[in-house]
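Trainee: One predicted model, sequence on top.
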Amino acid sequence: MNKSELIDAIAERADVPKAQAGRVIDALTDVVGDELADGSQVSLVGFGTFVVRERPARSGRNPRTGEAIQIAASRTPSFKAGKALKDRVN
């Protein structure tokens, strides 16, 4: 499912216009992104939690040349599914 299909499904289930559903999806992604950028987490009970994970610096290899390279530390967004979502999928 892509973004436009998600908007269509939400508009149908919530009985709202597609434009409004699109704005809600955009607002949700903006808010989650802003909170993660600030180092916070976003928890949706029954669905899951969006968190930022720290990845330490490490050494790696360039696959083309085999040369050793240093990979910088980074922060990456992560999602941990909640119990209700896991149960629904299984």
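Mentor: Yep, that arrived.
Trainee: use CA for all of it now, contacts and neighbours both
Mentor: Noted.
Trainee: For the one helix or strand Lys86 maps to, list every residue counted as buried.
Mentor: Taking DSSP states H and E as the criterion, Lys86 maps to helix 83-89. Of all the residues in helix 83-89, not one is buried under the rule 16 or more other Cα atoms under 10 Å.
Trainee: Show the average pLDDT along it.
Mentor: Throughout helix 83-89, pLDDT has a mean value of 94.
Trainee: what helices or strands is it leaning on?
Mentor: Using 3 or more Cα pairs under 8 Å, 6 or more residues apart in numbering; DSSP states H and E as the contact criterion, no helix or strand is in contact with helix 83-89.
Trainee: just how off-centre is it within its chain?
Mentor: Remark: helix 83-89 is offset 17 Å from the chain centroid, using Cα atoms, centre = their mean, to the nearest Å.
Trainee: Same check on stretch 77-84?
Mentor: The answer for stretch 77-84 is 10 Å, by Cα atoms, centre = their mean.
Trainee: pull the longest helix from the chain.
Mentor: Longest helix in the chain by number of residues, with DSSP state H as the criterion: helix 18-37.
Trainee: Parallel or antiparallel, list what pairs with the helix or strand following that one.
Mentor: Sequence order places strand 42-44 as the next helix or strand after helix 18-37, per DSSP H and E. Here strand 42-44 has these sheet partners by DSSP bridges: strand 48-55 (antiparallel).
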